[in-house]
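Asker: coordinates only, sequence not included:
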């Protein structure tokens, strides 16, 4: 299980986008002052423990400390800002997002699995065009 990347600068978004071309990336936006964020963070950590070595890269963004960066994430990906919120990036795009009660570990696992399946199907279709 990889370390969680603390997102503090806009330049780090480029790194996350590059990583999302190799596999899923989870961007967790939270407030250090919110009980729901604490619950969601526990669910995300439980998902990561259960996924073990297969856990995707996770980046955390504290929206209180880095408000402008949180607004840039909303603008860049076209997803209305909420907190807590989790965005799943694949191939530089948000393929799933959820907030508040949507952030149960089973929902996160289903989203990651679904995005991996969709990627495999897309590769399979492009490989077999014209057959």
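Answerer: That came through, no problem. Since we're looking at a predicted model, the values are computed, not measured.

Asker: so residue 22 is in which element?
Answerer: Under DSSP states H and E, no helix or strand contains residue 22.

Asker: Near it, how many other residues are there?
Answerer: 10 (other Cβ atoms under 10 Å). C-beta here means a position set from N, CA and C on the backbone, and glycine is covered the same way.

Asker: quick one, phi psi at it?
Answerer: Dihedral pair for residue 22: phi -100, psi -20, per degrees, to the nearest 10.

Asker: secondary structure class for residue 61?
Answerer: strand (DSSP: H, G, I helix; E, B strand; the rest coil).

Asker: Could you pull out the strands in this protein for me?
Answerer: Along the chain, the segments classed as strands by DSSP state E run 5-6, 25-30, 57-62, 85-90, 93-99.

Asker: contacts for the third one?
Answerer: It refers to strand 57-62. 2, 4-7, 12, 16, 19, 23-32, 44, 48, 69-70, 73 (Cβ atoms under 8 Å, 6 or more residues apart in numbering).

Asker: just the angle between that strand and strand 85-90, please?
Answerer: Angle between the axes of strand 57-62 and strand 85-90 is 150 degrees (criterion: axes from the mean of the first three to the mean of the last three Cα atoms, to 10 degrees).

Asker: Tell me, please, the helix or strand in this protein that averages the lowest pLDDT.
Answerer: helix 105-127 (a mean of 67; mean pLDDT, DSSP states H and E).

Asker: pLDDT wise, what is the spatially most central residue of the chain at?
Answerer: The residue lying closest to the centre of the chain (Cα atoms, centre = their mean) is residue 26, at 1.9 Å. Here the pLDDT value assigned to residue 26 is 97.

Asker: so it makes contact with residue 56?
Answerer: Yes: between residue 26 and residue 56 there is a contact under Cβ atoms under 8 Å: 5.5 Å.

Asker: Quick check: neighbours shared by these two?
Answerer: Common contacts of residue 26 and residue 56, defined by Cβ under 8 Å, 6+ apart, comprise residue 112.
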